[in-house]
Every structure is written in structure tokens, then in C-alpha cells.
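Asker: Mind looking at a prediction? Sequence and model below.
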Amino acid sequence: MTKLSVNINKIATLRNARGHNRPNVLQVAQDCERFGAQGITVHPRPDERHIRYQDVRDLKALVTTEFNIEGNPTPDFLDLVREVRPEQVTLVPDAPDAITSNAGWDTIKHQVYLLGVVQELKSLGCRVSIFLDPDLAMVKAALGTGTDRIELYTEAYASGYAADREAAVAPYRAAAALAQELGLGVNAGHDLDLDNLAYLHQQLPGLAEVSIGHALVCDALYLGLENTIQLYRRQLVS
Ligand SMILES: CC(=O)[C@@H](O)[C@H](O)COP(=O)(O)O
Ligand SMILES: NCC(=O)COP(=O)(O)O
């Protein structure tokens, strides 16, 4: 079964726009779980443009499904993870000023570094996932980091879907198959939406989790949050 983890970054974007506590990020996270989310994902960035470090601390006490914290393993990020100890940590090689995640790890160049980070995070009891492009060499080298899972960065799939979905999904199908052959779990995320999710799910058997935020929150503006979460869940029914 592929789990849906709802990324609530954009709820925090809206909250921060007025400087008060509306929408209440903590309440929305609990409601997302009540509406069918099987996980809550946050990506606290160094500039705290949306999710703040204190949000992460507060969410830990409230999230009853799976808490997934994404980020570049900077010293501040690692201190937060040591404190919060979420079910899953997804390591993303984002630059501090990146407008959004825009690349996966070079697991060949950074394998030794990642091995050290992964070993510590696993010693804290966290499952570790590494954000990757669908590059077979990078998937193969990910094994050497000790990671539990990879998260396939699906921006290229999403941008190519409308023109030629078979071509768009092919690298992801190959990367997922190799990862599973190596004993790695497979997550996916970034720019997934109600148009492209079902086909990805159909083409990637054994996909463990998708984390979806931007499109889901945009859809909820028109369709309502509960209905939207249910619609995304229905895309993942085998
Ligand atoms: C790793 C990933 O693809 C998502 O966490 C994405 O980075 C969302 O971040 P923003 O909400 O800041 O765009
Ligand atoms: N890991 C992907 C994620 O958490 C959400 O990405 P997006 O749906 O906001 O593009």
C-alpha cells in the first residue's frame, strides 16, 4: 500500500503572511490526519519561510500517523531532528536560498558524508530516506550510505507527464526497480498532483509513500481539504 504523507509547508506560508496564527498549522495537521492523511511532512528551511523550527517541535507532540521531516542536514537541522526524533527524516541537498527543492543528492560524491549522517539518524530510531533524481548510478551509490529508502524527485516526471507520460515515467520505473532490487524502500515526491499521481502509482509497484503538498493545498482551495485528501488517497488505490 502506498501511503499519502501530506506536506503542510504551504499552510505555514499562508499563516506567516499575516503574522498571526491563522490558519493554525497544528490544527490543520491534526485535521489532515482525521481526513485520511497517513503521514505529515514538513520541510523547515533555514530561513523559516514557512514551517518554523518551533512548528516542528509542537507537531511532534500531536502527529499520530508518521512524522516526516525533510531538509538539508545542516547543524541546526540535525539538532532539531535529535530533539524531535521523527519516524522518518528525508535528506534533501537544498541550498539555503533555493525557491524549492530542485535536485537530488550526488550519492557518489557525498557517500561518506551521508553514511555518517544516516548512521546517526538511524541510531536515534529514525527511518532515513535520501532525495534522489532517477539516476541509476545515484541509486546504486545510495546503498553505500546505509539509507533505508530513497525518495525519487518527481519534478521531471510531472513536467513531462502531459507531453508523453510513458517517456516521463520510464526513468522512475527503472530507478525504483533497481532500488527495490538493492533492498531499498522507495518514496516519491515533488509536483505530484491529481492528474499525474495515479499513473506514477500504477507504474511503480511497491511505492511505499508519496509526500504531496503544493498541489494538494492548491486543490483544497477549490475542493475543500477533507475532500481533496480523500481524492488523493483514491489515486493510490491499487
Ligand atoms: C523535498 C521536496 O520536494 C519538498 O519538500 C519540497 O521541497 C517542498 O518544499 P517547499 O514547500 O519549500 O517548496
Ligand atoms: N517530498 C515532496 C514533498 O514533501 C512535497 O512536495 P510538493 O508536493 O510540495 O511539490
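Answerer: That came in fine, so what should we check first? The structure presented is a predicted model; accordingly, all values stated were derived computationally and were not measured. Residues are numbered from 1 along each chain as shown. Ligands and ions are numbered 1, 2, ... in the order given.
Asker: Please, where are all the strands along the protein?
Answerer: 3-7, 39-42, 67-71, 88-91, 127-132, 149-153, 185-189, 209-212 (DSSP state E).
Asker: The last one vs ligand 2: in contact?
Answerer: What it means is strand 209-212. Yes. Shown here: strand 209-212 in contact with ligand 2 (Cβ under 6 Å from any ligand atom) through 211, 212. From N, CA and C alone the C-beta is placed, and that goes for glycine too.
Asker: Counting residues, name the longest helix you see in this structure.
Answerer: helix 165-181 (DSSP state H).
Asker: Check which helices and strands it sits against.
Answerer: Secondary-structure packing of helix 165-181 (3 or more Cβ pairs under 8 Å, 6 or more residues apart in numbering; DSSP states H and E): helix 136-142, strand 149-153, helix 155-161, strand 185-189, helix 197-203.
Asker: Ligand 1: which of those is closest?
Answerer: Of all these, strand 185-189 sits nearest to ligand 1, with 5.1 Å by Cβ to the nearest ligand atom.
Asker: mean confidence score for the closest one?
Answerer: Strand 185-189 carries an average pLDDT of 99.
Asker: What of stretch 137-145?
Answerer: 98.
Asker: cool, and stretch 1-18?
Answerer: 98.
Asker: Quick one: end-to-end length of it, please.
Answerer: 39 Å (Cα to Cα, to the nearest Å).
Asker: residues contacting the most centrally placed residue in the chain?
Answerer: Residue closest to the mean C-alpha point of the chain, counted by Cα atoms, centre = their mean, is residue 211 at 4.3 Å. Taking Cβ atoms under 8 Å, 6 or more residues apart in numbering, we find residue 211 in contact with 5, 6, 7, 39, 41, 68, 70, 90, 151, 187, 188, 189.
Asker: To residue 102, which of the strands of the chain lies closest?
Answerer: strand 149-153 (8.5 Å; Cβ to Cβ).
Asker: May I have the strands that pair with the closest one, each with its orientation?
Answerer: strand 127-132 (parallel), strand 185-189 (parallel) (DSSP bridges).
Asker: need those strands in a markdown table with distance to ligand 1 and mean neighbour count, can you?
Answerer: Shown next, in a markdown table, are the strands paired with strand 149-153 (distance: least, Cβ to the nearest ligand atom, whole Å; neighbours: other Cβ atoms under 10 Å):
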| stretch | distance to ligand 1 | mean neighbour count |
| --- | --- | --- |
| strand 127-132 | 6 | 25 |
| strand 185-189 | 5 | 24 |
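Asker: can you count the residues close to residue 165?
Answerer: Other residues lying near residue 165 total 16 when counted by other Cβ atoms under 10 Å.
Asker: Setting the sequence-adjacent residues aside, check what's closest to it.
Answerer: Leaving aside its chain neighbours, residue 165 sits nearest to residue 199 (5.6 Å; criterion: Cβ to Cβ, 6 or more residues apart in numbering).
Asker: Please list the residues of the protein that sit near ligand 1.
Answerer: 7, 9, 43, 70, 92, 100, 101, 131, 189, 190, 213.
Asker: ok, and which of those residues reach ligand 2?
Answerer: Residues of the residues of the chain next to ligand 1 in contact with ligand 2 (Cβ under 6 Å from any ligand atom): 7, 70, 189, 190, 213.
Asker: Test my guess that residue 47 contacts residue 96.
Answerer: Yes. The pair residue 47 / residue 96 is scored as a contact, 6.7 Å apart, by Cβ atoms under 8 Å.
Asker: ok, residue 60 - contacts?
Answerer: By Cβ under 8 Å, 6+ apart, the residues touching residue 60 are 67, 84, 85, 86.
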